[in-house]
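Q: build me a model from this:
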Amino acid sequence: MSELEVDAQDVVRLMLQFCKENGLKESLKTLQTESQVALNTVESVEGFLTDVQSGNWDAVLTACQSLQLPSNKLMSLYEQIILELLELREVDVARALLRQTECMLTMKQEQPERHMRLEALASRPIWDSREAYDGGSTKESRRTDLAKMLSTEVSVVPPSRLLVLIGQALKWQQHQGMLPPGTQFDVFRGTAAAKADENDEYPGTNSHTIKFGKKSHAECAAFSPDGQYLVSGTIDGFIEVWDHETGKLRKDLKYQASDELMLHDDAVLSLAWSKDSEMIATGDQAGKIKVWKVRTGQCVRRFDKAHSQGVTCLCFSRDSTQLCSSSYDASMRMHGLKSGKMLKEMRGHTSYINHCVYTMDGLRLVSSGSDGFVKVWDPKTAECLHSWRPNPAGTEIPINCCCVLPKSDHMLVCDRSSTAYVVTMQGQVVKTISSGKKTGGDFLCASVSRLGSWLYCLAEDQNMYVFDIKDAKLEHIMKVHDREPIGICHHPHRNLVGTIADDSTLKLWRP
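A: Sure, this is the predicted structure:
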């Protein structure tokens, strides 16, 4: 077997990431200076570029503090920020950036005419965009050019890569029998990212069936974003972490091995994962929300009066600092994880809100309710931007869920009928997808495959209907449960679907 070679710079980047994640700022700065190796990672490339294109300069500059960007690109970034400050007539702030920041002082020495032009613009009593943006460019086009320029400089890497690799090495040694019995080590802190399946295939085979007690069943289930775990919440209040490869309870989690499960006093109706797969939020029938550390089972935040009625859906914000919840009380609320307080309330639905979800860019929230309406919200202002009913007659058909389609600005809306709709954020129906069944086949819940090729609809006739989203064709029908289905979830990287029903089972399906 050929010998693997490890780039020395990659080793330095592992140490830089460890310093950054653990707040070792001076060590990070010193190591970058001495090694001349830049980390240049952000939490989300898409989010960073979206901030550039939308002019969210506070967030951009905060991210740039830990980046080492080429001097010319940094100058272009600060130049655009200064121009936009001048447009807003924040002249003093613009001059402070122009005269005090390191990259602009470098511009003054290396490109004095460019610097003098900015000084001249700052001295103008009136803003003139034609003078500021010469050559036919505009503020928007300059932002777009900046985003393209910076996209080559930043990347996203999985968290805690150093610990991940150490954990993998220890796990391999254990597998090879190279560690003596009883050796203690923590491989949970960072597992290998699940390998993605190459093709987007729909499932047809039941690989595992997880059985709950005779008087219990799961009300919700979800795979972690990193694809390592499957969590279920049951009607008797238990939250359990499963190994989807074996269909068994994860006993490598100490709290589960000792039967100290995460627990609510009431039925768990909803759950959501944080983007880093470190935390889960769970909502119950009594309107309470709890936030847990998955690796320890510790409850790190409680919202005992999140809602006056059951919590139907939860979703984390892009940076996982806020949690959105919807409820049977017809409200949707934003909660701060640091403050432990409700930050905003969104009202407008006249009946139960069944589902809430962020758009891919995290800039909008979409809710769907039993009043038949889909509403699009601005999470910063709690303002309802769009409100519409997808069915052509505009009748009050309860909407079970909305799924944001991958790599698209469209969403999929599933209501309590045998029809689903592909729609724009403004409510324009782009495509209608139907099973053609007139009675006894209403859809109860739906999910979209990881690449957006397939739509899976669970219906009241215990069948899963598989549609090709591209041509709206019904591709496959299979019976998945013996009693009425409750929910469905899709693995983020694999062609793996989980379904839950009132028959006390959670079933896993593969191609």
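
Q: and the gap between Ala286 and Ile486?
A: 19 Å (CB to CB, to the nearest Å). C-beta coordinates here come from the backbone N, C-alpha and C atoms, glycine included.

Q: who has more neighbours, the two?
A: Ile486 (21 against 18; other CB atoms under 10 Å).

Q: how about the nearest residue to Leu385, chain neighbours excluded?
A: Closest residue to Leu385 apart from its sequence neighbours, by CB to CB, 6 or more residues apart in numbering: Val376 at 4.9 Å.

Q: which of the three states applies to the one you found?
A: Three-state assignment for Val376 (DSSP: H, G, I helix; E, B strand; the rest coil): strand.

Q: so where is the stretch 151-300 of the chain shaky, pLDDT-wise?
A: Along the stretch 151-300 of the chain, the parts satisfying pLDDT under 70 run over 171-196.

Q: helices of that one, start to end?
A: Applying DSSP state H, counting those that start in this stretch to the stretch 151-300 of the chain gives helices spanning 161-175, 254-257.

Q: make a markdown table out of these and add mean neighbour count and distance to Arg99.
A: Shown next, in a markdown table, are the helices of the stretch 151-300 of the chain (neighbours: other CB atoms under 10 Å; distance: least, CB to CB, whole Å):
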| stretch | mean neighbour count | distance to Arg99 |
| --- | --- | --- |
| helix 161-175 | 15 | 40 |
| helix 254-257 | 14 | 56 |
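
Q: which one of these lies nearest to Thr282?
A: Thr282 lies closest, by CB to CB, to one member of the helices of the stretch 151-300 of the chain: helix 254-257, at 14.9 Å.

Q: surely Thr282 meets Ser270?
A: Yes. Using CB atoms under 8 Å, Thr282 is in contact with Ser270, at 7.0 Å.

Q: still on that earlier bit, in CSV, list the helices of the stretch 151-300 of the chain along with distance to Arg318.
A: Listed next are the helices of the stretch 151-300 of the chain as CSV, based on distance: least, CB to CB, whole Å:
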stretch, distance to Arg318
helix 161-175, 21
helix 254-257, 29
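
Q: same question for the helix or strand containing Asp51, mean pLDDT?
A: Here Asp51, judged by DSSP states H and E, is contained in helix 45-53. Mean pLDDT, helix 45-53: 89.

Q: just to revisit the earlier point, for the residue nearest to Leu385, name its beta-bridge partners.
A: When assigned by DSSP bridges, Val376 has beta-bridge partners Val366, His386.

Q: who's in contact with it?
A: Going by CB atoms under 8 Å, 6 or more residues apart in numbering, Val376 touches 364-366, 384-387, 425.

Q: separate out the buried members of those residues.
A: 364-366, 384, 425 (16 or more other CB atoms under 10 Å).

Q: quick one on the thing from earlier: which stretch among the helices of the stretch 151-300 of the chain comes nearest Lys341?
A: Using CB to CB, the nearest of the helices of the stretch 151-300 of the chain to Lys341 is helix 254-257, at 27.9 Å.

Q: how far out from the middle of the chain is that closest one?
A: In this view, helix 254-257 has its centroid 27 Å away from the chain centroid, taken as CA atoms, centre = their mean, to the nearest Å.

Q: restrict it to CA atoms and write it as PDB.
A: Output in PDB follows, covering the C-alpha atoms of helix 254-257 (Å, rounded to 0.1, in the frame of the first residue of the first chain):
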ATOM      1  CA  LYS A 254     -22.900   7.400  28.600                       C
ATOM      2  CA  TYR A 255     -26.200   8.700  29.600                       C
ATOM      3  CA  GLN A 256     -28.100   6.300  27.300                       C
ATOM      4  CA  ALA A 257     -25.900   3.400  28.400                       C
END
